[in-house]
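> let me see the structure of the following:
(chains A, B, C and D)
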Protein chains: 4
Amino acid sequence: MSDRTTAQSTPALTRWEQRAEAPLFVASLLFLLGYATRVLAPHDAELWRDIALALVGAMWLLFVIDYAVRIRLSGLGHRFVRVHWLDTLVLVLPLLRPLRVVKVYTAIQKRRDEPRLSLYARVMTYAGMTSLLLGFSAALAVYHLEHGAPGASIRTFGDAVWWACATLTTVGYGDAVPVTPLGRVVAAGLMACGLALLGAVTGSSSSWLIQAFRREDEKGPPASG
Amino acid sequence: MSDRTTAQSTPALTRWEQRAEAPLFVASLLFLLGYATRVLAPHDAELWRDIALALVGAMWLLFVIDYAVRIRLSGLGHRFVRVHWLDTLVLVLPLLRPLRVVKVYTAIQKRRDEPRLSLYARVMTYAGMTSLLLGFSAALAVYHLEHGAPGASIRTFGDAVWWACATLTTVGYGDAVPVTPLGRVVAAGLMACGLALLGAVTGSSSSWLIQAFRREDEKGPPASG
Amino acid sequence: MSDRTTAQSTPALTRWEQRAEAPLFVASLLFLLGYATRVLAPHDAELWRDIALALVGAMWLLFVIDYAVRIRLSGLGHRFVRVHWLDTLVLVLPLLRPLRVVKVYTAIQKRRDEPRLSLYARVMTYAGMTSLLLGFSAALAVYHLEHGAPGASIRTFGDAVWWACATLTTVGYGDAVPVTPLGRVVAAGLMACGLALLGAVTGSSSSWLIQAFRREDEKGPPASG
Amino acid sequence: MSDRTTAQSTPALTRWEQRAEAPLFVASLLFLLGYATRVLAPHDAELWRDIALALVGAMWLLFVIDYAVRIRLSGLGHRFVRVHWLDTLVLVLPLLRPLRVVKVYTAIQKRRDEPRLSLYARVMTYAGMTSLLLGFSAALAVYHLEHGAPGASIRTFGDAVWWACATLTTVGYGDAVPVTPLGRVVAAGLMACGLALLGAVTGSSSSWLIQAFRREDEKGPPASG
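Numbering: from 1, shown residues only, chains lettered A, B, ... in the order given. Purely as a prediction, here's the structure:
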């Protein structure tokens, strides 16, 4: 959302992005599913773990192809890597893909032709959905990195989800915390993203409520007559 | 407040809602009272515990009847469940009813004809009251689920209230935390609601203070003369 | 600040409030000083502890007299208690007096005739000063209530100040927490006040920074020429 | 940024400040580098530790010279200390220098002539960069003060960085906390700064997202045709 609006796009690139949006979103979900299966499947379910790994690999390949096509169509060459840094980051860390969910969400809403939610309600929905997906991804990654570490307080996937909830809302009880360096890096990433999304949730919820009360004010007198 | 304004209401539905508002609010408080008695009464007070259970059941029945009447009057059939999802959620989890307190609060304020509070003060009051009720409900539910669990750090109702305070304000000391899966689900719900309400409290308190200072500025020069 | 603007004041009341403002502020500081001495003085410094107690009592008497005069001048009779509920609360809990610091602060600024700070800077200063005073008062009260309790984690006044910092900023490490019921009530009060002030600090700091950047934008082009 | 706009500057002072900006920023980074080397170098690397100390001292000398020149040029005499209190504070505690990074950042952006980021994106970038630098400085200082203390939970520099992350985002797990008085003073400073910056990050991220959704709305209908 951010970098596309500042940098110009060629028409061919725009067309590609519109067509690739939905398939890539499905691929993102499959990636997440594959990763979740890989992480959560019991160790003796060899077959499932192998299928999951293959799925993760295949989806990543798709992301690489999409990235290559976009470099080509943009005509920017290697400058693409720097200009579209968010896309580059998302290519390297596909678990961050949920951050792009907004485009699909907006596209779906347009097609359904239903009365749309108010501006603030949509921002809240988007920020909330993104937080949920990011939190789930982070819980998977942290569980993956932590559950075997000595002295770990995150031992089950339930613990990891509980930790992700407490972290995203900045409550931070501290009863379940990552102890390995990599787990802490993932946690720091979740905090940083969570903080920005939190701002959007609280900000828009506040604006929404104030707006609702203001409307009540305006229609108040006739309603009582 | 949210779903009603986006979906159209039939006049019959609106009339029903206006009439049912106050009785339903009383029923919500009775439900909460019954639940509190059930949870907090000592184990040997069999009679009180049975009365409390009966009260909870009766109030729930009232909520179901109200919901059924509203489905009927709305003319939406089974689509009502999805369109008015907040009402459906509140039907399944009546402890969330405080979220609807705003309507009663606004209605009472209109009737009393007193000089009304400013917009921001009312948003703060509403968000604060809702937080208090939600926090109390969550403390009850968490105490109910946790106080007998092995290794629990929430053993008394006082601990549960203390935990709810620390959670709603996102302080999160971690000296009292839920350890059972169900208790953690309730806690996650409280965090999510608390976050949105927190946004409203801090946002409107900030706007209110800025407004107050701005007014002071405007009337400042003549006051010093 | 809040209740005065909504309820009308008689001219006599306004005059009294203007004259009493400064002395009452000094009295508030003396009250805090007395309370701090009482709480922090070593147990064998009998004389100092007695002087401190006398100071606290004398100041409280002043507050009661001011309250009585204001009831009389307002002509509201016993309704004053309810209409000016914030004043009533502050009379019962004089440690909350810092919340009224804004009036003195504004008055001083007007007299000094210096170039005044911008709106947001003043809101930040006020909310920050109030937080500091409230946090200090809460640290005193919590130290007073906790330091002798069995199993307490707040044993020194330094611990109490550290706890107040972590609580006001909603960081909440949990290494020092109140364990007695009364200590937790004070803590809950600090959280509630802290939350509202926090909203003012973050909200105005955000607005201030955005304003500063916007100004930079506007004067940007000529400055580079 | 704050005090310069309120107090008048002489032309000579402005010219000096413009010329000294970039060198002073480099000096700040060298100061930080020197301090980091001093703190993090192993105890037997005597040579490096001495070089680092010399670097820190030299840079501090530069800051003192700059401060003295600015006192001279401002023509304020000893009043400069009070009027430009932020500069005085930053002179005494050079680890706070990152707070001034905004000027350099704006200057660089102007020179590069690239399409500039939107207002909110720039506020987020500035507040984020400042937080990172402040957090890094605080982690260094806390590690320096804590790692040898008895009963310390911050033993490695990794722990200190992890603590700084959890503190800046107000998550506050409490698994790594300062225990020495000086370490807690640094922590309180980080909390206070972090809070104000947090307000800027969440506030601008919220405004940015709302703005982005609003734009999507406006260009929505033609895009679907």
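
> quickly list the domain ranges of chain A.
According to automatic domain parsing, chain A comprises the domains A:1-97, A:117-215.

> tell me how far the first one lies from the chain's centre.
Spelled out, it's domain A:1-97. Between the mean C-alpha location of domain A:1-97 and the chain-wide mean there is a distance of 12 Å, by CA atoms, centre = their mean, to the nearest Å.

> I'd like the mean pLDDT over it, please.
The predicted model assigns domain A:1-97 a mean pLDDT of 82.

> need the three-state assignment for residue A:38.
In three-state terms, and counting by DSSP: H, G, I helix; E, B strand; the rest coil, residue A:38 is helix.

> neighbours of it, how many?
Residue A:38 sits with 19 neighbouring residues when counted by other CB atoms under 10 Å in any protein chain shown. For the C-beta atoms, the positions are set from N, CA and C on the backbone; glycine is no exception.

> and residue A:61, by the same measure?
Applying other CB under 10 Å, we find 11 residues neighbouring residue A:61.

> swap in residue A:64?
Residue A:64 sits with 11 neighbouring residues when counted by other CB under 10 Å.

> is stretch A:163-179 anywhere near chain C?
Yes - using CB under 8 Å from any CB of the partner chain, a contact is recorded between stretch A:163-179 and chain C, made by A:170, A:171, A:172, A:173, A:174.

> and those as CSV, adding pLDDT?
Written out in CSV, the entries for these read as follows (pLDDT from 0 to 100):
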residue, pLDDT
A:170, 88
A:171, 90
A:172, 89
A:173, 92
A:174, 90
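
> and the furthest pair within those?
The span of the residues of stretch A:163-179 next to chain C, defined through CB to CB, is set by A:170 and A:174 at 12.3 Å.

> spit out the residues that contact these two alike.
Applying CB atoms under 8 Å, 6 or more residues apart in numbering or on different chains, one finds that residue A:170 and residue A:174 are jointly contacted by residue B:172.

> how about the residues of chain A by chain D?
Among all residues of chain A, those adjacent to chain D (criterion: CB under 8 Å from any CB) are A:1-2, A:5-7, A:106, A:110, A:119-120, A:122-123, A:126-127, A:166-167, A:170-174, A:177, A:179, A:181, A:184, A:187-188, A:191-192, A:194-200, A:202-204, A:207.

> where does residue A:176 land in three-state SS?
Three-state secondary structure (criterion: three-state DSSP) places residue A:176 in coil.

> spatially nearest residue to it (excluding sequence neighbours)?
Sequence neighbours aside, residue A:163 is the residue nearest to residue A:176 in space, at 4.3 Å (criterion: CB to CB, 6 or more residues apart in numbering or on different chains).

> now do the strands in chain A.
If DSSP state E is used as the criterion, chain A turns out to lack strands entirely.

> other SSEs contacting the lengthiest helix in it?
If you go by DSSP state H, chain A has its longest helix at helix A:181-224. Packed against helix A:181-224 by the contact rule (3 or more CB pairs under 8 Å, 6 or more residues apart in numbering or on different chains; DSSP states H and E) you find helix A:119-146, helix A:157-168, helix B:2-6, helix B:101-112, helix B:119-146, helix B:181-224, helix D:157-168, helix D:181-224.

> what angle do helix D:157-168 and it make with each other?
If you take axes from the mean of the first three to the mean of the last three CA atoms, to 10 degrees, helix A:181-224 sits at 0 degrees to helix D:157-168.

> who's in contact with residue A:172?
By CB under 8 Å, 6+ apart, the residues touching residue A:172 are A:166, B:172, B:174, C:171, C:172, D:166, D:170, D:171, D:172, D:173, D:174.

> would you confirm that the fourth one contacts residue D:170?
When you say that, I think you mean residue C:171. Yes - contact between residue C:171 and residue D:170 holds when scored by CB atoms under 8 Å: they sit 5.1 Å apart.

> ok, the two, which is more surrounded?
More neighbours sit around residue C:171 than around the other of residue C:171 and residue D:170, counting by other CB under 10 Å; the figures are 31 against 25.

> burial measure for residue A:161, as a count.
Taking other CB under 10 Å as the criterion, the count of residues near residue A:161 is 23.

> distance of the residue lying closest to it once chain neighbours are set aside relative to residue C:126?
By the measure of CB to CB, 6+ apart, the closest residue to residue A:161 outside its immediate chain neighbours is residue A:139, 4.8 Å from it. Distance of residue A:139 to residue C:126, given as CB to CB, to the nearest Å: 41 Å.

> what's the answer for residue A:123, then?
The span separating residue A:123 from residue C:126 equals 30 Å under the rule CB to CB.

> quick one, which of those two is more surrounded?
Between residue A:123 and residue C:126, counted using other CB under 10 Å, the more crowded position is residue A:123 (26 against 22).

> thought the more buried one was touching residue A:200?
Yes - look at residue A:123 against residue A:200 with CB under 8 Å: they come within range, at 5.8 Å.
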